[in-house]
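> Give me the fold of what follows.
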Amino acid sequence: MTAPAETEQPTGYPIDVRVLIAAMASTMALAFGAGVVFGPTPAFPNHNEDIKAMESPNFESGELARNLMDLGSKIKETHVNVGEAPSYESIGSDFADRRNGSLAFPLEGDNEEELAGQHLLVDMKNVNADFLNSEPRLAQALVDVTTEAKIPLLSYHCHSLEPAGVSCVGVLLESHISFHTWPEDGLMTLDVFTCTPTNLISVVPTIEKMFGVPQENASEKEKVLTMWSHELRGFKTDESRKTLKNGMNSDMTWWVTSPLEMLHKKEIVSVQSDFQRIDIWDVLDVGDTPSYKDMLKHNLEEGDPRFFTSELASPERLLFLDGKLQSMSETDHEYHESLVHPAMFAHTNPKRVSIIGGGEGATLREVLKHRTVEEVKMIEIDAKVIEIAREFLPYNNDCSDLVGVAKCCFDDPRAEIFNIDAQHWFISRYGSDVGEVKEEDKFNVIILDALNPEDENINANGLFTDPEFLNSMLNSLTDDGVIVIQAGTAPTIHDPAPDKGKFAQREKLFLMLEEHSDTAAMLVYEEAHCGFNEPHSFLVICKSHTCRKQWYAGADAIDFQIYERIAVTHSKERALQHFDGSTQYSYQYPPKAWETVYCRREPTPFECAYRGLDMDAELRDLTEDEESSDFYIEKMEDGEVGVFASNAINKGDYIMPEALASSFVISDDSKSNLVDTTKIMGTGSTLVLDNFLEFIDKHGHRSISEGIGSTIVEVGGTFLIRSVASKEDANVDRMIPRPAEGLPTYSPVYERNRRSFDVFLVASRDIAVDEEILKYDGIWD
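Here you go, the predicted model:
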């Protein structure tokens, strides 16, 4: 055998690969660190030099970006630092530090659901095309806006687009500013978001100044147009939201600052008085067209295309108190005439009137139109409102067209103005501690034109929930006196029970008035043309039932009273632009929602069970066809006529509803005139009138609602139904039983259904075939 060859051994030093890799990595790390520490530092771009370069006539669009890119990848390629980066500590004491809660809209503790900032959107049109395509000029405008607005700018980035347009974004200390341009269309859009306390609405004029470069030789139509929107961002608690006058639930936000598509927004007044914030704005919506006054002013003729554009439309002037919308110039007359005149005409002869609030003067203007008025006491706590109204809302207090009235309503000798708290004024003069009030010091009408009785109006608590104040107002009225209160937004059929929704304070007011011994009647009505987003409601409180006679008067009667009472004008135009007899007629029946919400009270009011006709009940009528008729008429042995059942009638069935629905109503005044006519004409030719009056007395009855002053007269077969002295012997009754405690002071159910309640009869028990139909003598008492 041959022995195996001996294996050859390797030569050299053995090396561990893992050690080698670790050594190489350590060497590279040391080399990189040495380079960072000892190597040269690249020059950071100087903002001031950039601005000078941009101002040079030789500067080309995009040059700044290209120069910055040449600096290499160690900095942001198109990023421009604005000098030394500012911080809270370096800005100064006039800038609020969000970290310590010194914001205008502060964060409460660590609550992350509080307000986070504000956002401004600005759209501009008809801007100079060269300006919109110039990156350096736009960058300079961006810097100038932030500088003048004192909003710290950290850096910005602009980029020119091909073939035209520029986009820029700036990083602010607490958010950003950005915009984009369309030079060929003269358009730019801009937005600013910040958490700083600077109110961004105040920055809009600065933006217009810096960016609103007009086109060369621009016409009036081509002037720069600006549309803007301001929003408060983030989440807030209900309580903190109420404190913001331009917060997310503010009327001023809804009507002015938030909508973007508005052609015109101009702040006319913004002042803080001793009592409230007063703001007046002029606004013009996109799509607004010329009014009748605009047509006359500009002599527009039929076919003029400007009827369909906003070119000649006048802006509307809005008044806000603590962010709540109070009045609008375009619907001034609809609102104030609806507030004043229903109450004034609910009184037969108003001489002494008191106005609570109404600082713009329009309520006073409407009161002074009544020639019966001899004295007006106006109690407006804020003299500043009156001062501002004289200067900036002159149309509200203009009485110059009324014959016999001062040019300015505030200056009329019948008007006396008190700048004092109305609660104190009334309680000190008519409160329970004052004693008996002289008749000559009492008012016929009180008009409460103050805040809405809504929960979010924290300043309304005293006016609407202080029993002593309400008692003093009622005590200041004559026995036939009337109060009217503007009751805020009208309810809807979807609202919860009135004491559980946002109008719970209004319900509390209603209940206090209902329970007051001096309240005889409460009547609600709505007006949908006041200009608010929803119909506005009003409440009339009568100290006597007699006001119902005036309230439910016919349209012709109201028109005659207007003719007799309202002042004439120098212009020969009607003094009342909105209110007339037909308008009052529309107020006589409360809308369905008032009834619906009222019937959600707990416990449910008694009368709510009788709304509308019972769809399960039968309609039993007397017809000429004996086979189909439910009744027949038969002469009794004593010569009287009786009505008998042809068919079995169930309890609750309606008795001759068609005939009863044909009943006619005659007012007390009309009946009195007929009586007077018989006396004037003598006895020979008045037999028909005498018989008619006798028929009314025999077959007529008074309304279930006290004070209406009218008689309902049955003219169908029901007047043949015999009466019995005992209620137990009767087998028919009125549709709704009369409550033992009497009718409620306030009930939209009775006011809406009073005609049905006044005429319809039902079977009070089952009635057999051939049984005589009998009604109780005092059925309508």
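> which ones are touching the residue nearest to R365 when sequence neighbours are not counted?
Nearest in space to R365, with sequence neighbours left out and distances taken as Cβ to Cβ, 6 or more residues apart in numbering, is C409 at 4.6 Å. From N, CA and C alone the C-beta is placed, and that goes for glycine too. By Cβ atoms under 8 Å, 6 or more residues apart in numbering, the contact set of C409 is 361, 364-365, 368, 397-399, 415.
> Using CSV, lay out these together with distance to E772 and secondary structure.
CSV is the format used below for the contacts of C409 (distance: Cβ to Cβ, whole Å; DSSP: H, G, I helix; E, B strand; the rest coil):
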residue, distance to E772, secondary structure
G361, 67, coil
L364, 63, helix
R365, 63, helix
L368, 62, coil
N397, 68, helix
D398, 69, strand
C399, 67, coil
A415, 66, strand
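> What subset of the residues you listed is buried?
Neighbour-count burial (16 or more other Cβ atoms under 10 Å) is assigned, among these, to 361, 364-365, 368, 397, 399, 415.
> Turn the residues you listed into CSV, columns for pLDDT and distance to T745.
Formatted as CSV, the buried ones among the contacts of C409 follow (pLDDT from 0 to 100; distance: Cβ to Cβ, whole Å):
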residue, pLDDT, distance to T745
G361, 98, 33
L364, 98, 30
R365, 98, 32
L368, 98, 31
N397, 98, 35
C399, 98, 36
A415, 98, 32
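> Return the closest of those with respect to G303.
Among the buried ones among the contacts of C409, R365 lies closest to G303 (Cβ to Cβ), at 36.9 Å.
> quick one: what helix or strand has D669 in it?
Secondary structure assignment for D669, by DSSP states H and E: helix 668-681.
> how far off helix 668-681 does the next helix or strand after that helix point, in degrees?
Counting by DSSP H and E, the next helix or strand C-terminal to helix 668-681 is helix 687-699. Helix 687-699 runs at 140 degrees relative to helix 668-681, counting by axes from the mean of the first three to the mean of the last three Cα atoms, to 10 degrees.
> Now do E637: how many residues are near it, please.
E637 has 5 neighbours, counted by other Cβ atoms under 10 Å.
> Could you measure from it over to D770?
16 Å (Cβ to Cβ, to the nearest Å).
> same thing with L153?
Note on L153: its distance to D770, by Cβ to Cβ, is 99 Å.
> cool, S662 as well?
Counting by Cβ to Cβ, the gap from S662 to D770 is 27 Å.
> Please apply the same query to N650.
N650 is 16 Å from D770, where distance means Cβ to Cβ.
> lowest-pLDDT helix or strand in the protein?
None of the helices or strands of the chain scores lower by mean pLDDT, DSSP states H and E than helix 63-70, at a mean of 40.
> that older thread, I'd like the buried ones among the contacts of C409 laid out as JSON lines, including distance to H264.
What follows is the buried ones among the contacts of C409, written out as JSON lines (distance: Cβ to Cβ, whole Å):
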{"residue": "G361", "distance to H264": "25"}
{"residue": "L364", "distance to H264": "30"}
{"residue": "R365", "distance to H264": "27"}
{"residue": "L368", "distance to H264": "33"}
{"residue": "N397", "distance to H264": "25"}
{"residue": "C399", "distance to H264": "29"}
{"residue": "A415", "distance to H264": "34"}
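> Relative to D130, which of those residues is nearest.
N397 (49.5 Å).
> Spatially nearest residue to the closest one (excluding sequence neighbours)?
N397 sits nearest to G361 (Cβ to Cβ, 6+ apart), 2.8 Å away.
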